[in-house]
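Quick one: sequence plus predicted model below, questions after.
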There are 2 protein chains.
Amino acid sequence: MSPSKTIRRLEVVSPVPADIDIANSVDPFPIAAIAEDLNLGSKHYDLYGKYKAKVLLSVLDDLQGSEDGYYVVVGGISPTPLGEGKSTTTVGLCQALGAFLDKKVVTCLRQPSQGPTFGIKGGAAGGGYSQVIPMDEFNLHLTGDIHAITAANNLLAAAIDTRIFHEASQSDKALFNRLCPPNKEGKRTFANVMFRRLQKLSISKTNPDELTPDEVKRFVRLDIDPDSITWRRVMDVNDRFLRKITVGQGPEEKGMIRDTGFDIAVASEIMAVLALTTSLAEMRERLGRMVIGNSNAGEPITADDLGVGGALTVLMKDAINPTLMQTLEGTPVLVHAGPFANIAHGNSSIVADKIALKLVGKGGFVVTEAGFGSDIGTEKFMNIKCRYSGLVPQCAIIVATIRALKMHGGGPEVVAGKPLDRAYITENVALVEAGCVNLSRHISNTKAYGVNVVVAINKFATDTDAEMNAVRTAALAAGAFDAVVCTHHAHGGKGAVDLGTAVQRACESQSQTLNFLYPLDIGIKEKIEAIAKSYGASGVEYSEQAEKQIKMYSKQGFSGLPICMAKTQYSFSHIPSQKGAPSGFVLPIRDVRASIGAGFIYPLVGTMSTMPGLPTRPCFFDIDIDIATGKVLGLS
Amino acid sequence: MSPSKTIRRLEVVSPVPADIDIANSVDPFPIAAIAEDLNLGSKHYDLYGKYKAKVLLSVLDDLQGSEDGYYVVVGGISPTPLGEGKSTTTVGLCQALGAFLDKKVVTCLRQPSQGPTFGIKGGAAGGGYSQVIPMDEFNLHLTGDIHAITAANNLLAAAIDTRIFHEASQSDKALFNRLCPPNKEGKRTFANVMFRRLQKLSISKTNPDELTPDEVKRFVRLDIDPDSITWRRVMDVNDRFLRKITVGQGPEEKGMIRDTGFDIAVASEIMAVLALTTSLAEMRERLGRMVIGNSNAGEPITADDLGVGGALTVLMKDAINPTLMQTLEGTPVLVHAGPFANIAHGNSSIVADKIALKLVGKGGFVVTEAGFGSDIGTEKFMNIKCRYSGLVPQCAIIVATIRALKMHGGGPEVVAGKPLDRAYITENVALVEAGCVNLSRHISNTKAYGVNVVVAINKFATDTDAEMNAVRTAALAAGAFDAVVCTHHAHGGKGAVDLGTAVQRACESQSQTLNFLYPLDIGIKEKIEAIAKSYGASGVEYSEQAEKQIKMYSKQGFSGLPICMAKTQYSFSHIPSQKGAPSGFVLPIRDVRASIGAGFIYPLVGTMSTMPGLPTRPCFFDIDIDIATGKVLGLS
């Protein structure tokens, strides 16, 4: 292992300047230099400008024989609405490992949605002296993956409504004539994708002319039940007025109106597919088997039934390659996929993690972030992502802040945009100690997977030693391998060296096993109940709708899929205001849905918004371009 | 001028194979080699993979002192629904100039919409042995420009509805408090973009606290009339069910429903802005002054009134750089912008043409295509695009086919997807001669701009010498500089060498003047009437709605803009079935709209669809990926 050539020493100032100012104060290395440092040959990546590159999946074939590095997942305690610095810690830890501890390291991050960048949240590239740069490119189009998802998602949506429309106005014969038109010699052929539908219908004929009238009917009529359609259109913009819409009101659509809506693009099942796929061939299969609704007879209708699975794959063929970027200190980052953390599994992609593990090799480190608190993010990382990837982590980090622990201990409500209560900026050890029940349950739940748990105490300027000692004591008592204070926001990688050392020890002392929370071959309800138990629930209550859906998915043969709970991140329970470690509650399942292509069933615990809105003064008011330099202004 | 190093000699076979097979039979040169051949330094372009690069606008600053090359525009006669090979001729001519006549040459093409690629039309990279490669990249995401337009267009749309929503539920004071919130010290500031609105309101104060209650009211209340909103959402997918929709039906939107719809992305005004802009600073201004509708008092409301002009520019900052690709024979191509040819001006970008003219330098050639027939495409090229760019073309090409001329001479209807009538594949000189009235009017109209007109007869296998001679005779009689048969589809650049030579002579013998069809400083109606006269109309008839709009735009101060007619391409008149050279008709103006940011008024002659649909068997049925090679299959 040669020492890295692309290390940059930061000169930190105090107080910490604005994120964009720090990001703009550094000239990034050419991304080709970062790639070279990872021993990537030019055939293994495509440049997208000077500071981004797509790493091609072919690198996995060439490194097949190499050993993997250590695999570290970053989760968090149940957060406040302000966030506890999980991304920042992920980046800071990697800066420490790469720039101070002389380790090969790759950070794996999710691509943020562009909607919130212009809306209320701002960017997601980390913060302070622990950031991914260039932060504007990270937060904007990146290399077009979300745009590709939008295009693919909406092509499928258009295919659904148009197919219903054409089926409504044409005879079986006319449909067949159009779907399999005779060529100049009068000979008909099936398109390749049509053989998938024929196989599903158990029709083994390859010559369209040999189909019986009944077979023609079954082949051409998808007979989609409009009320069963779960596929919605998407857009990477916070547009609340698209949450519920009526389509088809033009005169040419002949009254075929339908109520539907848009989700934000990262909520598309195709994003979840991208995150969970393991190869181009496998992505083709996943995209083709996505279920958009049912036929009137109750059969699931797939993208391949509509003939569009191949085209979706073509639209996604470049998106499958992760994007290489860099941290402020010049360590490599792979940005790839960003599925929702409630209706989807909230983790970056399997292929990025796999590539990263080969690139760092034996003794190197891959640090990947799991969305939301670890009750959701780490749970899904283990039971969904690792189940599909076959990868086993050695260490799980739980990021905690004194602020959030005080909230769990009974501190006043924390509201975004309002000043923090005094309780959060003055010492109160008792409040911290009381809140550690939240941390403790996250630790024991995570430890149950068989990994070593390291608690990262993300220190704010107002936190005191006594408060931090209380956290450390509680963490070790709950079974953490270690608990370490870190100051990467203020100091960059240097502030996370202790965390890096703890993570290294945790990885080195860990065997290679992963104990899933539930096996796949039990019923949907049993799996839901296993997860609910980990939340502290005493039982689960299903709505009528949920019961109906579970019955349907079981009948359709989908009960073997893992479960992806759509639950609030603010509490172990379904009630955001229940802080600490609630128990004895009954978890209500309002509805159950499925992402068959991505490969999970997702029960809804409460109402999940899948399309954010814009406030009165969105972030976009501050965002502009400096005409003289071309630099982006006002991104936060 | 050094001879080009990136020239490839094609080995053509007969009959001509499928487009995708020809495209896949050639290994493209690395785009860096093409760039080097144009003397582009690495600081002047960004790679997007191995075969695409974005050429940065900064190259214009560095080449400011260089002379421009010759500027050639390609138009066509009124086409059949099958198209007469305008793009193919554009590419073939450049292959001839660059690979056979030893000239520096750059082809400037529009980026095609992804919708039709998966719908009914297929790709748009040329055809046969005259194509842009890699054709899959050309037809798919390219470098993300259309996706950027979609994102910007829809951010503006979300800003409109959300602003109306927030204004409806908040007092002036509450709005002001949110738009200009006090900081920790209680001090309010205006965001930079807000000064644009303040200036419009003639408020010169810079301290928010000094605004009078009346000024606060005027500042915070855009008071948008929902019925006046002309801004629609867009999507780069053929989705007919979005043509007319109702938004805002979710319970959180409190009944604020509104009828609106989606256009295909290339119909966005932002696409027209991109095509007509001349610099980053000027694009910022154009985007900010786009009008989305009126206030209840009848004042135009702009993107900058909504505070979003800067953010739109940030979303478009990379899209302003044209994409460098190559032809089959290795000559350079700049692909940039693709505005609709009816509701917009149908020409590729000014910045691409400007860069290209500097890159080829004195004695070199830039060939750019104008959409639709030359009655629309070339007319808008001259009166809109060249007016904004200040560039003057030396030569205009008119592409003609025997097939289309026979149709204009009275041949039977030509319908896409149906076999051609015998009249079109057997010799019929009389029919061709009769149809030349269409060509002749295109020639004399185009010649009136002061350019030399060269007719390119795009030869099909069934065309006879006698038929082609008839066209040549008619063309010269109508004042064409030359009329040349070309066979670039079958033979590549070699088949367009005679055309190349004619174009060279035409350019060399031409002085630098451009006579516009109308001056800008006359009334909207006078301008419309000047264009109508060029169509052969004896007069113009305005609907009540059109009268109302003309009055409104004149009152709002927009009457000095050029006119962009939204008319069918299939006839000089508004009736597609009127072939040849109709005259004496009265042109009906159904409605008049405006793209203020792009900078034109567009009268609607008839109904224009701005969102295509999918047929029963869309192209996507054939499109898939070869898992083994990663190559795209089935694109046409």
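Yep, it's here.

what does stretch A:615-627 rub up against?
The contact list for stretch A:615-627 (C-beta atoms under 8 Å, 6 or more residues apart in numbering or on different chains) reads A:117-122, A:238, A:631-636, B:155, B:159, B:162, B:166, B:170, B:175, B:178-179, B:181, B:191-194, B:280-281, B:284, B:307-311, B:313-314, B:317. Quick note: C-beta positions are derived from backbone N, CA and C, even for glycine.

change it to 6 Å
With C-beta atoms under 6 Å, 6 or more residues apart in numbering or on different chains as the test, stretch A:615-627 has contacts from A:118-120, A:122, A:633-634, B:166, B:178-179, B:191, B:280-281, B:307-308, B:310-311, B:313-314, B:317.

In it, which residues are buried?
Residues A:Thr616, A:Arg617, A:Pro618, A:Cys619, A:Phe620, A:Phe621, A:Asp622, A:Ile623, A:Asp624, A:Ile625 are the ones in stretch A:615-627 that count as buried (16 or more other C-beta atoms under 10 Å in any protein chain shown).

Those in helices, which ones?
Within the buried residues of stretch A:615-627, no residue falls in helices by DSSP state H.

which helix of chain A spans the most residues?
Longest helix of chain A, by residue count under DSSP H: helix A:145-169.

Now name the helix or strand holding the residue of the stretch 201-350 of chain A found nearest chain B.
Nearest residue of the stretch 201-350 of chain A to chain B (C-beta to the nearest C-beta) works out as A:Gly310 at 2.8 Å. Element membership for A:Gly310 (DSSP states H and E) is helix A:309-315.

Tell me which helix or strand comes right after that helix.
Downstream of helix A:309-315, the next assigned helix or strand under DSSP H and E is strand A:323-327.

Compute the inter-axis angle for that next one and helix A:145-169.
150 degrees (axes from the mean of the first three to the mean of the last three C-alpha atoms, to 10 degrees).

Tell me which strands strand A:323-327 pairs with, and in which orientation.
According to DSSP bridges, strand A:323-327 forms sheet pairs with strand A:53-55 (antiparallel), strand A:130-133 (antiparallel), strand A:332-335 (antiparallel).

Where do the domain boundaries of chain A fall?
A:19-143+A:318-509, A:146-310, A:524-604 (the TED database).

which stretch among the ones you listed comes nearest B:Gly363?
domain A:19-143+A:318-509 (32.7 Å; C-beta to C-beta).

show me where the stretch 501-636 of chain A has helices.
A:524-535, A:544-555 (DSSP state H, counting those that start in this stretch).

which of the ones you listed sits most buried?
Ranked by mean neighbour count, the helices of the stretch 501-636 of chain A are led by helix A:524-535 with a mean of 20 (mean count of other C-beta atoms under 10 Å in any protein chain shown).

what's that helix in contact with?
By C-beta under 6 Å, 6+ apart, helix A:524-535 touches A:Asn445, A:Leu517, A:Tyr518, A:Val540, A:Ile550, A:Ser559, A:Ile563, A:Met565, A:Phe572, A:Leu587, A:Ile601, A:Pro603.

coming back round to it: now do the buried residues in the next helix or strand after the longest helix of chain A.
For helix A:145-169, the following helix or strand on the C-terminal side (DSSP H and E) is helix A:172-179. Neighbour counts over helix A:172-179 (16+ other C-beta under 10 Å) mark A:Asp172, A:Leu175, A:Phe176, A:Asn177, A:Leu179 as buried.

same question, stretch A:193-213
Applying 16+ other C-beta under 10 Å to stretch A:193-213 flags A:Val193, A:Met194, A:Arg196, A:Arg197, A:Leu198, A:Ile203, A:Pro208, A:Leu211 as buried.

Pick out whichever of the buried residues of stretch A:615-627 sits closest to chain B.
A:Asp624 (2.8 Å).

Got the confidence number for the residue nearest to the closest one when sequence neighbours are not counted?
Spatial nearest neighbour of A:Asp624, excluding adjacent residues (C-beta to C-beta, 6 or more residues apart in numbering or on different chains): B:Gly310 at 2.8 Å. For B:Gly310, the pLDDT comes out at 97.

go on, A:Met1?
43.

do the same with A:Val273
Confidence score, pLDDT, at A:Val273: 98.

count of neighbours near it?
28 (other C-beta atoms under 10 Å in any protein chain shown).

Tell me the helices and strands packed up against the host helix or strand of it.
Per DSSP H and E, A:Val273 falls inside helix A:269-276. Contacts defined by 3 or more C-beta pairs under 6 Å, 6 or more residues apart in numbering or on different chains; DSSP states H and E place helix A:269-276 against helix A:145-169.

Contacts for the helix it packs on, please.
Applying C-beta under 6 Å, 6+ apart, the contact partners of helix A:145-169 are A:224, A:231, A:233-234, A:236, A:256, A:265, A:268, A:270-271, A:292, A:303, A:306, A:308, A:312, A:315-316, A:319, B:118, B:147, B:235, B:237, B:239, B:241, B:614, B:616.

distance of the residue nearest to A:Leu93 when sequence neighbours are not counted from chain B?
The shortest distance from A:Leu93 to any non-neighbouring residue, by C-beta to C-beta, 6+ apart, is to A:Ala496 (5.0 Å). Using C-beta to the nearest C-beta, to the nearest Å, A:Ala496 is found at 29 Å from chain B.

for chain A, what are the low-confidence residue spans?
For chain A, the stretches with pLDDT under 70 are A:1-3, A:121-123.

Centre of it to the edge, which residue is at the far end?
A:Glu185 (50.6 Å; C-alpha atoms, centre = their mean).

For burial, what's the neighbour tally of A:Val540?
19.

Bridge partners for it, pull those for me.
Bridge pairing for A:Val540 - DSSP bridges - gives A:Leu587.

Quick check: the farthest pair among the contacts of helix A:524-535?
A:Ser559 and A:Phe572, at 25.9 Å, using C-beta to C-beta across the contacts of helix A:524-535.

Neighbour count: these two, which is higher?
Legend: neighbour count by other C-beta under 10 Å for A:Ser559 and A:Phe572, higher for A:Phe572 (30 against 19).

what about the closest residue to that one other than its chain neighbours, distance to A:Ile575?
Counting by C-beta to C-beta, 6+ apart, A:Tyr535 is the residue found nearest to A:Phe572 once chain neighbours are left out, at 4.6 Å. From A:Tyr535 across to A:Ile575, the span is 11 Å (C-beta to C-beta, to the nearest Å).
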